[in-house]
Structures are given as C-alpha cells and as structure tokens.
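K.L.:
sequence unknown, structure follows:
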C-alpha cells in the first residue's frame, strides 16, 4: 500500500546531493523505519535494499531483524521515534467526508493523548508516544471516518540504543498489530486511545472493525 | 433392488435422528475455528467505561455527514503486505497523488509494480472470518 502523508519533508539542506530532484522521506511499515533522502531516481534502491528485505504484515515477528542500506545508494535509515501510529484518511479531493472528519478526529485524539503525555506533533521526535498523520485515500470512504492504528512491539534491551539518524543499519522494532477501524466519530476517540491504542483491544467490533493483522498470532482479516 | 434401497435406508435414519438430536442438545455446542483477530473489551474486565462514549467530547461532525451505517464492515479491506508513507508536508493532494509528474509517489508507484517481490503466505497464517 502506498500513501501520501502530511509528514513534513525533512530539512536535508545540510548535505543536499539530490540535484534538481524532489527529495523526501518514506515511512516503511510494518518495519517502523524512516528512509531519508528518497528521490525518484533512488526508488529502485529503496525497493531492492529496503522494501523487499523488510518484514511484511504476514511474516513472523523476529526479535533480531534489522535493515541496512549501502552508503552509495544515498539513502539513510533510522527507526521511527513513535510507538504507535494513527493514520487518518484526509483525502478531500476523493471524498469530502474524509476532509471533514480527519481534522476533527485529530483534534479530539490530540486532547486525549496530551492528557497521557503521548501526543507527538509532526516535528516532535521524542521517543515513544503516538504519531498522528493525515494520509491519502485508502478505500472505503462510505464508511468514514477510517482510522488505521499501528502498534509496535515493546522495546527490548538490545534495541534500547535506537539508531541515530543516518545509521547504515538499524535493528527493527516492528508493528505487531494493525487495527483498521471505520465509522469512527469524535466521541469514540477516548476509548480508542484507552483500549485500542494502548491495549490492542477493539471496543465496537461489529460497528467499527474493518480488519487488520496480528503478527504475534499470525492472523489477518484477509 | 434400486427401488428397495430407500426403504432399507429410511427406517435406519429415522431411528438414529432422535438419538443424535438428543445428544447434541445435551452437549455444549463446540465451535471450531481461529480465535478472534483482536481481543474485545468487556465491562467485566475493562470497566463500565468501555461501553460508554466519551462524555467530555464537544466536537461533532457536520449535520450533513452521512455514511453507510448498515453494511457489514469486517473483511472489507484488501490484503496488503507493506505500507509506504511518503512525507509530502501537505494534505491537499490531487485525486491520484501517484500521477503527479516527477514526484516521489509517482516514481515509487512505477518502480513498485515491477520490483516488489511477491511474498509467500506463511504456513501458520490464518484468516479470521468474523467476530
């Protein structure tokens, strides 16, 4: 699945070797790895060295997985700072409802996450917490609002020193679950934070659960 | 002989059927299949809050916000193996952002099609039908 997100384009002006090409970052899931300095001409290296060897939703969770990229590719990798991700479809040119619901849900999620010191805005890279991102259309807007929650494995001792930006190899702390909800309304946000994000439990399965995966138990909805 | 078969078989099934139904009514119903995809909240375990919507929420959707409230939702997502999120720093994307000429999204979409390896389904992999 390929999405555009409102994650800010990092500032690469210190060592800009991208020439005239656009340069940005790509967040790779379920690996929870950020690939920096991606340009259109570097996408074959991105796919070959990082996407294809990275874990996928149906692969087992292995505690010693890591990813590396050859320095000559120009790509850099680092571990995503957040423990959880909330992705909100906000693609208003595809469906007006997604453009309406996403900012309202973000505001309400933010209110509940701040109370628990879990909120991270788009430039806040303090470790842990919940990153909330607007993403492009991922299907099913008649069931708006669609909310995708990714939950990561807990930090293990050998991963405690998470990689600094630009490391050649990073140990992986992957997504163990993805819980895809829909028909989410502002009044649902509190219990989604309390139970779904923090505990991996579903509050309204019949009304809101579209699917997802649990890699610890090797189960998917498809 | 063929015409006799139904006569021979019918009395037997008629005799067995009441015993079978008696047994099934006495035994607890066993359902086989994979466990639920995710744990569900229950008031006994998670407290009464899990069946109450947020009371301090003062944000509401616009009145015209209408969605499909009745159709079955579970299992309506397409399988996906990995998810790539391209940082664009904006949310006002064109309808198909992958068609934006010269963009990273377009390049990944083009490269992706012929370079992504097909992932084999692990043997342990199970599908959860419904909750």
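P.N.:
Received, thanks. As the structure is a computational prediction, the values presented were derived from the model and not from experiment.
K.L.:
Confidence-wise, which helix or strand of the chain is lowest on average?
P.N.:
The chain I'm using is chain A. strand A:169-171 (a mean of 82; mean pLDDT, DSSP states H and E).
K.L.:
actually it's chain B I care about, not the one you picked
P.N.:
Lowest mean among helices/strands of chain B [mean pLDDT, DSSP H and E]: helix B:5-26, a mean of 47.
K.L.:
Could you list the low-pLDDT ranges of chain A?
P.N.:
The model of chain A has pLDDT under 70 over residues A:16, A:156-168.
K.L.:
residue boundaries of the strands in it?
P.N.:
A:2-5, A:24-29, A:33-38, A:66-68, A:76-79, A:84-89, A:119-120, A:130-135, A:147-152, A:169-171, A:175-181, A:201-202, A:209-214, A:219-220 (DSSP state E).
K.L.:
right, and the helix or strand after the longest strand seen in chain B?
P.N.:
Counting by DSSP E, the longest strand found in chain B is strand B:83-87. Counting by DSSP states H and E, the element after strand B:83-87 in chain order, helix or strand, is helix B:104-115.
K.L.:
quick one, what contacts residue 85?
P.N.:
You didn't pick a chain, so chain A it is. For residue A:85, the contacting residues are A:29, A:130, A:131, A:132, A:133, A:148, A:149, A:150, by Cβ atoms under 8 Å, 6 or more residues apart in numbering or on different chains. Backbone N, C-alpha and C define where each C-beta goes, glycine included.
K.L.:
wait, chain B
P.N.:
Applying Cβ under 8 Å, 6+ apart, the residues near residue B:85 are A:3, A:4, A:5, A:7, A:26, A:27, A:29, A:87, A:133, A:135.
K.L.:
so the first one sits right up against residue A:136, yeah?
P.N.:
Right, residue A:3. Yes - the criterion here is Cβ atoms under 8 Å, and residue A:3 meets it with residue A:136 at 5.1 Å.
K.L.:
that older thread, tell me the one among the contacts of residue A:85 nearest to chain B.
P.N.:
residue A:29 (4.1 Å; Cβ to the nearest Cβ).
K.L.:
Bridged to the closest one, which residues?
P.N.:
Listed by DSSP bridges, the beta-bridge partners for residue A:29 are residue B:83.
K.L.:
Tell me the spacing between it and residue A:176.
P.N.:
12 Å (Cβ to Cβ, to the nearest Å).
K.L.:
Which of the two has more residues huddled nearby?
P.N.:
With neighbours defined as other Cβ atoms under 10 Å in any protein chain shown, residue A:29 and residue A:176 compare such that residue A:29 has more, 26 against 18.
K.L.:
quick one, what contacts that one?
P.N.:
A:85, A:150, A:175, A:178, B:82, B:83, B:84, B:85.
K.L.:
Residue A:48 versus the first one, what's the distance?
P.N.:
When Cβ to Cβ is the yardstick, residue A:85 and residue A:48 sit 25 Å from each other.
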